[in-house]
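>>> 3D, please:
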Amino acid sequence: MTVTLSHKVEEQIRHWIDTGRYADADAVMMRALEALEAEEQARFLKTRELILAGHNSGPGEELTEELWDRLEREAEEAYQRGEKPSPHVCP
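Numbers count the residues shown, from 1 in each chain. Predicted structure coming up:
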């Protein structure tokens, strides 16, 4: 596989190698992939936690056009009041 890196990314990789932080570019990329995998796993677990919390919160409502309209209206009203959405809604 051939990968083309931006000059900035290549400089950062070279810096980490030159300072002894990593042995070579492969080690840098492996660490980056491990970090990405950990981030993806954390996002999955958080989503799962939120879904379970919603499921356990009690009976739900049927998702109708009226419910969508109400949710949009409530969101707009909250926005007009200057309220910020929860980080899990708008990461």
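
>>> tell me the buried residues in whatever helix or strand Ile51 lives in?
For Ile51, the host element (DSSP states H and E) is helix 25-56. Of the residues in helix 25-56, those scored as buried under the neighbour-count criterion (16 or more other Cβ atoms under 10 Å) are Val28. Just so you know, the C-beta spots here come from the backbone N, C-alpha and C atoms, and that holds for glycine as well.

>>> which other helices and strands does it contact?
In terms of contacts (3 or more Cβ pairs under 8 Å, 6 or more residues apart in numbering; DSSP states H and E), helix 25-56 is packed against helix 7-18.

>>> just the buried residues of the helix it packs on, please?
Going by neighbour count (16+ other Cβ under 10 Å), the buried part of helix 7-18 is Ile13, Trp16.

>>> compute the inter-axis angle for that helix and helix 25-56.
Per axes from the mean of the first three to the mean of the last three Cα atoms, to 10 degrees, the angle that helix 7-18 makes with helix 25-56 is 110 degrees.

>>> was I right about Ile13 contacting Asp26?
No: contact status for Ile13 versus Asp26: not in contact, 10.1 Å apart, counting by Cβ atoms under 8 Å.

>>> pLDDT below threshold where in the protein?
In the predicted model of the chain, residues 91 satisfy pLDDT under 70.

>>> how close does Glu66 sit to Leu5?
In this structure, Glu66 and Leu5 are 51 Å apart, going by Cβ to Cβ, to the nearest Å.

>>> scratch that, Ala75 is what I was asking about
In this structure, Ala75 and Leu5 are separated by 41 Å, where distance is defined by Cβ to Cβ.

>>> which residue lies farthest from the center of this structure?
The C-alpha centroid of the chain is most remote from Asp18, which lies 31.2 Å away (Cα atoms, centre = their mean).

>>> how close does that one sit to Val9?
For Asp18, the distance to Val9 (Cβ to Cβ) stands at 15 Å.

>>> Gln41 too?
24 Å.

>>> repeat for Ser57
Using Cβ to Cβ, we find Ser57 at a distance of 44 Å from Val9.

>>> alpha carbons only: can I get stretch 78-86 in PDB?
Included here for stretch 78-86 are C-alpha records, laid out as PDB according to Å, rounded to 0.1, in the frame of the first residue of the first chain:
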ATOM      1  CA  ALA A  78     -34.300  26.100  23.300                       C
ATOM      2  CA  TYR A  79     -31.900  27.500  20.700                       C
ATOM      3  CA  GLN A  80     -33.700  30.900  20.900                       C
ATOM      4  CA  ARG A  81     -33.200  30.800  24.700                       C
ATOM      5  CA  GLY A  82     -29.500  30.300  24.100                       C
ATOM      6  CA  GLU A  83     -29.500  26.700  25.500                       C
ATOM      7  CA  LYS A  84     -26.700  24.500  24.200                       C
ATOM      8  CA  PRO A  85     -27.500  20.900  23.100                       C
ATOM      9  CA  SER A  86     -26.100  18.000  25.000                       C
END
